[in-house]
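**Q** Below are the sequence and a predicted model for it; my questions follow.
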Amino acid sequence: MADVSSAAGNPDDWRDQVFDAFERAGIEIFCYLPDAGLDSFIHRANAGNAQRAVILSTEEEGVGICCGAWLGGKRAVLMIQSSGVGNCINTFSLVSNCRFPFFLLVSMRGEFGEGNPWQIPMGSTTQDMLELAGFQVFRATHPEDAVTMVTEGLKMAWRSDAPVAVLLSQRLIGAKDM
Amino acid sequence: MANHLQRAEVARTLMEQVGDELIVCGLGSPVSDVSSARDRDLNFYLVGAMGSATPTGLGLALAQPDRAVVVVTGDAELMMNIGILATIGIKQPRNLSILVFDNERFGETGQQVSHTAYGIDIAGIAVACRFPHAMLVRQSHELGKALALTHAMTGPHLAVIKVDPERVPISIPIKDGVLCKGRFRKALLGTY
């Protein structure tokens, strides 16, 4: 398995700005299931207070954890790969029934430049599935989009009690070479 | 002596001794049991999203580390997302307890037998997931010990409480999730 090559010109700058946007928005808990495209966010989350980074065994745990955190007055986000969106579908009913503010960051697989056919069924339907589940979905294909979409998406989630997802496309984060 | 307790009696005992604990109930019978014993603003009820009661309890426990959080759920509801015990094992929230009402059945769907009826040991899984306390409760004196641990702040704790598999009528006081969330947050945080 080869490294992930970034399609963006200057490597990690936008990633740091995205994480800065999380911190500015008062996000205190980061739930995640790793993906190469999320690696720098996971690294930043773990570099802070030890309780704030929560590694999941499956993505749907993160839905309950983020909602529970808001019940307790803290803001949490869920960071997962597109394949994990499918794992969450039924648990999104917790978000919609209770109208929880909810922010989901998704690193895409199964689209632009994908080399593994097993990723395509879920990756090619991720956005539609999220929209059917009631999410406002923003797809970032350029570094500046990612920073703006995360910044504004976080505002929208917590000001409008809405579920918001930002998709980091493979065009942005690069396709795994396999 | 019976080798299980009555679920209504377990819920009554829990709610008689409860103070300012934050309670999250999993879908179906546990919501009915707990709310029938004592509905209160600091009870949060899931009536769907099966498997999400314990994750919700974990999020709440992480957000409110100085308040005791108690998840009351069924064996099948927890089994659907059993990996959450491993996630809790990593975080070790001292304020989180999980009470599993184990009737060895899928109660809502017609009393079909569940994993635990075949000896699957949820308390054993919790031990393997580094829970400092995980116990099996069949008698009322054991229940007293399990309930005392829910406010000891020495968790995470898990108690599997074997309850009568007989079907009981279900009563859900609030199905409106927005209302349930709002009253909980208002009581805890002073804001909706």
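**A** Right, received. Where do you want to start?

**Q** most centrally placed residue in chain B?
**A** B:Val72 (1.4 Å; Cα atoms, centre = their mean).

**Q** is it fair to say it lies in a helix?
**A** No. Assigned with DSSP: H, G, I helix; E, B strand; the rest coil, B:Val72 falls outside any helix and is strand.

**Q** how far away is it from B:Val18?
**A** 11 Å (Cβ to Cβ, to the nearest Å). C-beta: built from backbone N, CA, C; applies to glycine.

**Q** Kindly report the same for B:Gln6.
**A** B:Gln6 is 18 Å from B:Val18, by Cβ to Cβ.

**Q** Chain B contacts on chain A?
**A** Within chain A, the positions lying close to chain B (Cβ under 8 Å from any Cβ of the partner chain) are A:28-29, A:51, A:54-58, A:60-74, A:76, A:90-91, A:93-94, A:97-100.

**Q** Which members of the residues you listed are classed as buried?
**A** Burial by neighbour count, 16 or more other Cβ atoms under 10 Å in any protein chain shown: within the residues of chain A next to chain B this picks out A:28-29, A:54-58, A:60-72, A:74, A:76, A:90-91, A:93-94, A:97-100.

**Q** still on that earlier bit, looking at B:Gln6 and B:Val18, which one has more neighbours?
**A** Taking other Cβ atoms under 10 Å in any protein chain shown, B:Gln6 and B:Val18 do not tie; B:Val18 has more neighbours (20 against 15).

**Q** check contacts around the more buried one.
**A** Neighbour list for B:Val18: B:Arg38, B:Val70 [criterion: Cβ atoms under 8 Å, 6 or more residues apart in numbering or on different chains].

**Q** Report all helices and strands that the helix or strand that B:Leu60 is a member of contacts.
**A** Assigned by DSSP states H and E, B:Leu60 falls within helix B:53-63. If contacts are counted by 3 or more Cβ pairs under 8 Å, 6 or more residues apart in numbering or on different chains; DSSP states H and E, helix B:53-63 sits against strand A:27-32, helix A:60-71, strand B:22-25, strand B:69-74, helix B:75-79, helix B:84-91, strand B:96-102.

**Q** Direction included, what does the helix or strand following the longest one pair against?
**A** Sequence-wise, the next helix or strand beyond helix A:60-71 is strand A:75-81, with elements assigned using DSSP H and E. Next to strand A:75-81 in the sheet, as set by DSSP bridges, lie strand A:27-32 (parallel), strand A:102-107 (parallel).

**Q** Pick the most buried one from those.
**A** Compared across these, strand A:102-107 shows the largest average neighbour count, a mean of 27 (mean count of other Cβ atoms under 10 Å in any protein chain shown).

**Q** now what about the helix or strand following that strand, what contacts it?
**A** Using DSSP H and E, the helix or strand that follows strand A:102-107 in sequence is helix A:120-123. With Cβ under 8 Å, 6+ apart as the test, helix A:120-123 has contacts from A:Ser82, A:Ser83, A:Val85, A:Gly86, A:Met108, A:Arg109, A:Gly110, A:Glu111, A:Glu114.

**Q** mean confidence for the helix or strand following helix A:120-123?
**A** Remark: after helix A:120-123, the chain's next helix or strand is helix A:126-132, criterion DSSP H and E. Taken as a whole, helix A:126-132 has a mean pLDDT of 98.

**Q** May I have the beta-bridge partners of the residue sitting nearest the centre point of chain A?
**A** In chain A, the residue lying closest to the centroid (Cα atoms, centre = their mean) is A:Leu105, at 1.3 Å. As for beta bridges, A:Leu105 partners with A:Met79, A:Val166 under DSSP bridges.

**Q** Which residues lie in contact with it in this structure?
**A** Residues in contact with A:Leu105, defined by Cβ under 8 Å, 6+ apart, are A:Val18, A:Leu38, A:Phe41, A:Val77, A:Leu78, A:Met79, A:Ile80, A:Val150, A:Ala165, A:Val166, A:Leu168.

**Q** One more: B:Ala159?
**A** Residues in contact with B:Ala159 (Cβ under 8 Å, 6+ apart) are B:Ser97, B:Ile98, B:Leu99, B:Val100, B:Ala123, B:Ala134, B:Met135, B:Leu136, B:Val137, B:Ala146, B:Leu149.

**Q** Quick one: residues contacting B:Val69.
**A** Shown in contact with B:Val69 (Cβ under 8 Å, 6+ apart): B:Glu21, B:Leu22, B:Ile23, B:Val24, B:Gly57, B:Leu60, B:Ala61, B:Pro93, B:Asn95, B:Leu96, B:Ser97.

**Q** hmm, try it at 10 Å
**A** A:68, A:71-72, B:21-24, B:44, B:56-63, B:93, B:95-98, B:150, B:155-156 (Cβ atoms under 10 Å, 6 or more residues apart in numbering or on different chains).

**Q** Could you do A:Ala162 as well?
**A** A:Val95, A:Ser96, A:Arg99, A:Phe100, A:Pro101, A:Phe102, A:Phe103, A:Gly134, A:Phe135, A:Gln136, A:Gly153, A:Met156.

**Q** at 8 Å instead, please
**A** Each residue near A:Ala162 by Cβ under 8 Å, 6+ apart is listed here: A:Pro101, A:Phe102, A:Gln136, A:Met156.
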